[in-house]
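K.L.:
sequence and predicted structure below; questions after.
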Amino acid sequence: MNVILTSLVILLSTRQVFSFQLKHPTSIVVRRITSMTATKTSLNEPLAVAILGGGIAGLSCATHLLNSSGRAMRITLFDTGRLRPGGRCSSRLMNDKPAVFKNRSSGRVRCDDVDAPNRSDDGNAVSSNIASIIRQQIDVPSSRDRMIAMGPVDHAAQILSFPTNIASLMDDTDNNCFRNQVNKWLEDGVINTFPENSVCELVAKDDKAAALHPIQGEMYYGKGGMASIPLAMRDYCLSCNDDDSNIHSFQIMQDVWVSPSNGVKFIGNSDGNSPKWELKSGSKSYGSYHQLVIAHNGKCADRIMSKTPAKAFHSLLRTKFAPTVPKWGGREMTLNSIYSLVFAIKSDNKKSSPIAQTLKKLCSREVYTLMIRNEPNLRLLSSNTLKHSHPQNPTSTTNIEVYTLLSSPQFGKQYKGPQENLPNDLMEEVTMKMLQSLERALSITENEIVNHVVDLKLQLWGAAVPLNTWTTPNNDGFVYDAQFQVGACGDWILDPSIAGAWESGKRLASWIACDGGQSVGLPNLDRVDTGRKFLPSCAALESGIGTIPSTPNSKYEFPTNNSTKSESFRSGGGRAGRSGNRGGRNGTSKNGGGRKNHDRSRSTAEKAVKL
């Protein structure tokens, strides 16, 4: 397809990659810089940048680097996704092939599974009240998947919205603001707007009934799955290689795990040029780079940087897993854990499912997504069938509806297991409890949902949503260590949302593109409070799944045992338990027993350079 040029926006057709096909052009609201407008520095060696993480933040950083002026860029993005990038915006798509493990014990285990308890061996009793139909679905071979045969399925992020705490997202003076990007995604069919009143909250009306209240505000979802957003960004980056006038290049290394223990090595500047980093996956080297970007979080990011000399930078990547944070924000990045249950439910004689029938009684409009506030085990229910128009078989006497059900962080903590290898008994118990909780929330007869489930997939979203964000006096929105030329971007620095991740990646790219010679956002390791600290995200704490438009019921109360005292960032003792005992890797006491608890103004970067 031909490249179509406009004065400010270049629309580039996508290419068919993997099993996903985009039928629309993908565009990024930024200017393409050609060799004619580049400065003399573009004649030098291209600036090699390695980006670890193929979520929204990493792809946004790559996109804005590719559209920067000045020195030529050679960008390599590393992503661990087996089929495609996406991070929290991943989807399961039609024709996806399941992973094949010859030896399950040798299967890949995420860093966040380190020391995770195995329910089969921890001595906890497992309920015998497991419906046989659920046990049958748990044991179904992964190659038999009737859910994605219906159409796309979103199993993680569900909603794109506009956080009110980042003014630059809506800046009409900036052609590259997130508002314009969303408008282009709408124009190109990358995203759809949720129909009016189709996103609701389920609240307790009285002891025996529930009520639905529509949630107001701009909300969007990916057309053909939330994965359409990162795939549109990826395809735009790849299309830069097809433009001979472009001074930059881009490649993506898919399904590559940079080794957490020794995959990142600082090799210094012995050749007299900028500091360089070497990347490896196992024994295989992926070359050296002038700049390194960490665009993901969790234990992998922590371990990857732990043996490097960038100590202040690494201190921010230390991670704790918990369902809440103190009122003063906590000493370290805190992520919650959420169970995601995708299930298909069958209804006979072309009737709607018990879920759809109940929601229709509560609301005259079709409900696409439901925030659940009347059941402590759950947070969200979303209909993949409505969002993605799953077709029904006209010759069949039954209907199949596919839903995604997300647990609460507290539930995720209580039943946490090894993320990549959940034991069957734990999967059975968690599945039953989540479905029974949904029946209670909707006041549906016991087992009315359970007995009609025909397929399901349960997974633990171990490093799910940041509950606190790293904050600096200038609201920089990224972190950069000039001495070692390594930066970080992500929703944990700005706002736990797609918009927050996109904006953070953009700001870091702006800083790198202008050859920022100063460090930004690093903590003071002398423990002096300079306004640089983690602050709680009340929006993420309240919803449990990230920032969404608030409602009169959006109220979060910190636990009464949380300290209200503000404390500065501390590099030492960040992993220690708050009781004073010696801390384990997850920031908890080792002898605790049981499961581990696990703009005022534009940013400095935006002031310095405008793409």
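P.N.:
Good, I have the coordinates.
K.L.:
going forward, measure contacts between C-alpha atoms and count neighbours the same way
P.N.:
Fine.
K.L.:
hmm, residue 523 is touching residue 314, no?
P.N.:
No. Counting by CA atoms under 8 Å, residue 523 does not reach residue 314; the two are 10.0 Å apart.
K.L.:
can you map out the helices along the chain?
P.N.:
Counting by DSSP state H, the chain has helices at residues 56-66, 132-138, 178-187, 228-239, 299-305, 311-315, 354-362, 384-387, 409-414, 424-441, 498-513, 538-543, 604-608.
K.L.:
ok, how many other residues are close to residue 557?
P.N.:
Counted with other CA atoms under 10 Å, residues neighbouring residue 557 total 9.
K.L.:
could you number the chain from 265 rather than 1 from now on?
P.N.:
Will do, 265 is the new start, and the previous item becomes residue 821.
K.L.:
next one: it from residue 705, what distance?
P.N.:
21 Å (CA to CA, to the nearest Å).
K.L.:
run a quick neighbour tally on residue 602.
P.N.:
29.
K.L.:
specify the beta-bridge partners of it.
P.N.:
Taking DSSP bridges as the rule, residue 602 bridges to residue 725.
K.L.:
same question, the one 5 residues further on
P.N.:
In this structure, residue 607 bridges to residue 667, residue 720 when assessed by DSSP bridges.
K.L.:
pretty sure it is touching residue 668, no?
P.N.:
Yes. Using CA under 8 Å, residue 607 makes contact with residue 668 at a distance of 6.6 Å.
K.L.:
which sections of this structure are below the confidence cut-off?
P.N.:
265-308, 362-395, 397, 399-413, 471-472, 533-538, 613-614, 780, 791-793, 825-875 (pLDDT under 70).
K.L.:
find the residue at the geometric middle of it.
P.N.:
Nearest to the mean C-alpha position of the chain, by CA atoms, centre = their mean, lies residue 352 at 2.6 Å.
K.L.:
show the contacting residues for it.
P.N.:
319, 420, 421, 728 (CA atoms under 8 Å, 6 or more residues apart in numbering).
K.L.:
can you pick out the residue with more neighbours from residue 787 and residue 578?
P.N.:
Neighbours per residue (other CA under 10 Å) separate residue 787 from residue 578, with residue 787 holding more: 24 against 20.
K.L.:
how about residue 420: what's its closest non-neighbour residue?
P.N.:
residue 352 (5.8 Å; CA to CA, 6 or more residues apart in numbering).
K.L.:
do residue 627 as well
P.N.:
Nearest to residue 627 is residue 476, by CA to CA, 6+ apart, at 6.7 Å.
K.L.:
ditto for residue 668
P.N.:
residue 606 (4.4 Å).
K.L.:
same check, this time on residue 769
P.N.:
Closest to residue 769 by CA to CA, 6+ apart is residue 325, at 4.1 Å.
K.L.:
so that neighbour touches residue 773, yeah?
P.N.:
Yes. Assessed by CA under 8 Å, residue 325 is found in contact with residue 773 at 5.1 Å.
K.L.:
what residues do those two have in common as contacts?
P.N.:
With CA under 8 Å, 6+ apart, residue 325 and residue 773 have no common neighbours.
K.L.:
follow-up on the earlier one: specify the beta-bridge partners of the residue nearest to residue 627.
P.N.:
residue 466.
K.L.:
straight-line length of stretch 564-580, end to end?
P.N.:
13 Å.
K.L.:
sorry, back to before: most neighbours of all the contacts of residue 352, which one?
P.N.:
Ranked by neighbours (other CA under 10 Å), the contacts of residue 352 are led by residue 319, which has 28 neighbours.
K.L.:
and it, what does it touch?
P.N.:
349, 350, 351, 352, 353, 494, 559, 560.
K.L.:
quick one: residues contacting the nearest residue to residue 322 once chain neighbours are set aside.
P.N.:
Among residues not flanking residue 322 along the chain, residue 559 sits closest, at 5.0 Å (CA to CA, 6+ apart). Under the criterion of CA under 8 Å, 6+ apart, the neighbours of residue 559 are 315, 316, 317, 318, 319, 321, 322, 752, 753, 754, 769.
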